[in-house]
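Colleague: With the sequence up front, the predicted model follows.
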Amino acid sequence: MAKSWVVRAEHPMAPDLSILRGGASSSSPHRDLVFIVNPKGANGRTGKQWKKLLPYLRSRLDRHCNICESLTSGPYHAIDITREAIREGADAVIAVGGDGTLHEVVNGFFWAGKPVTHHNKEAAHSTALGLIPLGTGSDFARTLGWKNDPFEAVDRIAKGLRSQIDVGVITGESEDSHYFINVADIHLSAKAGYYASRYKRFGNLCYVIGALQAFMGHKNQDLRIRINGGEWETCSKVTALCIGNAKYFGGGMKITPNAEPANGNFEVVVLQDFKWYDFILKLHKLYQGTHLSVQNVTSRSVYSIEVEDISESGNIYVQSDGEHLGFLPRKFHILPSAIEMIR
Ligand SMILES: Nc1ncnc2c1ncn2[C@@H]1O[C@H](COP(=O)(O)OP(=O)(O)OP(=O)(O)O)[C@@H](O)[C@H]1O
């Protein structure tokens with residue numbers, strides 16, 4: 001069953017970050033790195049690959065870094081570990097897993113609508129985000145042009161070069177802010193993602209199965225959108241509306257091909273009035289990112305977008321970074337240069 005993002009209270013299980021509390025961050029020249037590993041990612045493959053990777057990681061990093069390994073015990077745990085690590089002054093929090101784990105770690109960089117900070121507010125450094133992509137789709141890593149090689153990821157962390165990236169913020173009518181780093185999407189694709197999460201045991205095939213299931217009973221819907229705080233406009237017969245901070249979703253589909261995670265804008269791509277056979281005929285273009293020239297596909301660069309369902313049915317799916325978030329209405333805006341990432 002796909003999990004819902006409605007529950008986001010802090011987890012009662014305190015992560016063990018005693019290595020950081022030893023005071024190393026304030027006095028030692030070593031970097032404190034917290035690796036947050038989802039052992040169940042990619043149908044359990046993440047945990048197995050992590051065990052194989054550890055000796056190499058230690059050989060590359062042990063001399064210069066304090067390594068803290070923290071395995072997640074279940075959904076949302078990565079959020080709390082991240083918050084705790086930042087408060088304790090970690091130099092970097094590294095997500096080890098797929099886009100879902102990365103998504104939780106990114107959400108851990110914020111609390112109650114603000115960035116989480118070191119206990120010692122005077123501390124000069126900020127905590128960076130790192131990634132060892134070991135998930136099913138690992139779509140965010142594709143935008144960065146990273147090969148699916150965890151050893152290369154360790155080398156990047158050893159070098160520790162940082163650059164700032166943007167983060168997307170989503171707000172609803174009553175809920176807290178929610179953050180995303182990759183792609184947020186609405187309607188058919190979000191419903192497909194919701195179903196795909198039930199079939200992760202089939203690897204990348206889960207996206208095909210999810211899409212087939214989502215097509216059953218699907219109807220294109222009229223939506224109301226407001227771009228950059230301007231006038232409301234109607235988008236008729238929307239099949240999917242995708243808001244990209246990065247380019248790929250659904251296991252390699254280049255849906256928002258012009259999105260750049262550090263340019264201060266989203267790329268919004270809207271597919272309208274698509275029929276099931278359009279996907280069969282145009283699927284290769286969606287994967288190649290050449291679909292923007294197709295009829296009924298539009299693309300815009302925006303820093304905020306509000307989306308409402310004209311029929312107010314309350315059943316238009318929204319997902320962010322491949323995680324089911326809930327239903328329309330929602331507002332999306334960009335936080336430029338919100339996080340430093342090890343790249
Ligand atoms: N110990 C755990 N047991 C079960 N589920 C977990 C655990 N830790 C984290 N999770 C959940 O697993 C979800 C999916 O994990 P992750 O994204 O790492 O792998 P994936 O789904 O295979 O990859 P991708 O998202 O790239 O397709 C996360 O959203 C997280 O909520």
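Modeller: Yes, it's here.

Colleague: okay, CA-based contacts and neighbour counts for the rest of this
Modeller: Fine.

Colleague: Buried residues, stretch 308-315. List them.
Modeller: Neighbour counts over stretch 308-315 (16 or more other Cα atoms under 10 Å) mark E308, D309, I310 as buried.

Colleague: Figure out the length between the terminal residues of stretch 255-267.
Modeller: For stretch 255-267, the first and last residues are 10 Å from each other (Cα to Cα, to the nearest Å).

Colleague: what are the ranges of the strands in the stretch 1-150 of the chain?
Modeller: Secondary structure of the stretch 1-150 of the chain (DSSP state E, counting those that start in this stretch): strands at 31-37, 65-71, 92-97, 110-111, 114-115, 128-133.

Colleague: which of the buried residues of stretch 308-315 come close to the ligand?
Modeller: Among the buried residues of stretch 308-315, none lies close to the ligand by the criterion of Cα under 6 Å from any ligand atom.

Colleague: Let me have these in JSON lines, adding pLDDT and secondary structure as columns.
Modeller: Shown next, in JSON lines, are the buried residues of stretch 308-315 (pLDDT from 0 to 100; DSSP: H, G, I helix; E, B strand; the rest coil):
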{"residue": "E308", "pLDDT": "97", "secondary structure": "strand"}
{"residue": "D309", "pLDDT": "96", "secondary structure": "strand"}
{"residue": "I310", "pLDDT": "95", "secondary structure": "coil"}
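
Colleague: T239: which of these is nearest?
Modeller: D309 (12.4 Å; Cα to Cα).

Colleague: wait, doesn't the closest one sit right on V318?
Modeller: No - applying Cα atoms under 8 Å as the test, D309 and V318 come out as separate, 11.4 Å apart.

Colleague: so what's in contact with those two at the same time?
Modeller: Both D309 and V318 are in contact with L328, where contact means Cα atoms under 8 Å, 6 or more residues apart in numbering.

Colleague: outside of stretch 141-149, which residues touch it?
Modeller: With contact meaning Cα under 8 Å, 6+ apart, stretch 141-149 is reached by P133, L134, A246, K247, Y248, G252.

Colleague: tell me which residues in it are buried?
Modeller: For stretch 141-149, using 16+ other Cα under 10 Å, the buried residues are A141, R142, T143.

Colleague: Any part of that stretch near the ligand?
Modeller: No - with Cα under 6 Å from any ligand atom as the criterion, the ligand is not reached by stretch 141-149; the gap is at least 9.3 Å.

Colleague: still on that earlier bit, could you dump the buried residues of stretch 308-315 to TSV with distance to P261?
Modeller: Shown next, in TSV, are the buried residues of stretch 308-315 (distance: Cα to Cα, whole Å):
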residue	distance to P261
E308	25
D309	28
I310	30
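
Colleague: Near the ligand, which residues of the protein? Just list them.
Modeller: Contact residues, the chain versus the ligand (Cα under 6 Å from any ligand atom): 38-43, 72-76, 97-101, 135-138.

Colleague: From those residues, keep the buried residues only.
Modeller: Neighbour-count burial within the residues of the chain next to the ligand applies to 38-42, 72, 76, 97-101, 135-138; the criterion is 16+ other Cα under 10 Å.

Colleague: how about the helices of the stretch 51-200 of the chain, start to end?
Modeller: 77-87, 99-108, 139-143, 150-159, 188-196 (DSSP state H, counting those that start in this stretch).

Colleague: Mean pLDDT and distance to A214 added to the ones you listed, as TSV?
Modeller: Formatted as TSV, the helices of the stretch 51-200 of the chain follow (pLDDT from 0 to 100; distance: least, Cα to Cα, whole Å):
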stretch	mean pLDDT	distance to A214
helix 77-87	97	29
helix 99-108	97	20
helix 139-143	97	21
helix 150-159	96	33
helix 188-196	94	5
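
Colleague: where does the protein dip in pLDDT?
Modeller: Residues of the chain meeting the criterion pLDDT under 70: 1-29, 121-124.

Colleague: Recalculate using a threshold of 50.
Modeller: Counting by pLDDT under 50, the chain has low-confidence residues at 1-2, 4-14, 21-26.

Colleague: What count of nearby residues applies to the closest residue to the ligand within the stretch 151-300 of the chain?
Modeller: Nearest residue of the stretch 151-300 of the chain to the ligand (Cα to the nearest ligand atom) works out as K200 at 6.3 Å. Using other Cα atoms under 10 Å as the criterion, K200 is surrounded by 20 other residues.

Colleague: before we move on, what SS does the residue found closest to it once you drop the neighbours it is linked to in the chain have?
Modeller: Using Cα to Cα, 6 or more residues apart in numbering and skipping the chain neighbours, the partner closest in space to K200 is C206 (5.5 Å). Following DSSP: H, G, I helix; E, B strand; the rest coil, C206 is assigned to helix.

Colleague: contacting residues around C206?
Modeller: By Cα under 8 Å, 6+ apart, the neighbours of C206 are A196, S197, R198, Y199, K200.

Colleague: correct me, but the first one touches A211?
Modeller: Read that as A196. Yes - A196 lies in contact with A211 (Cα under 8 Å); the separation is 7.4 Å.

Colleague: higher neighbour count, the two?
Modeller: Between A196 and A211, counted using other Cα under 10 Å, the more crowded position is A196 (27 against 20).
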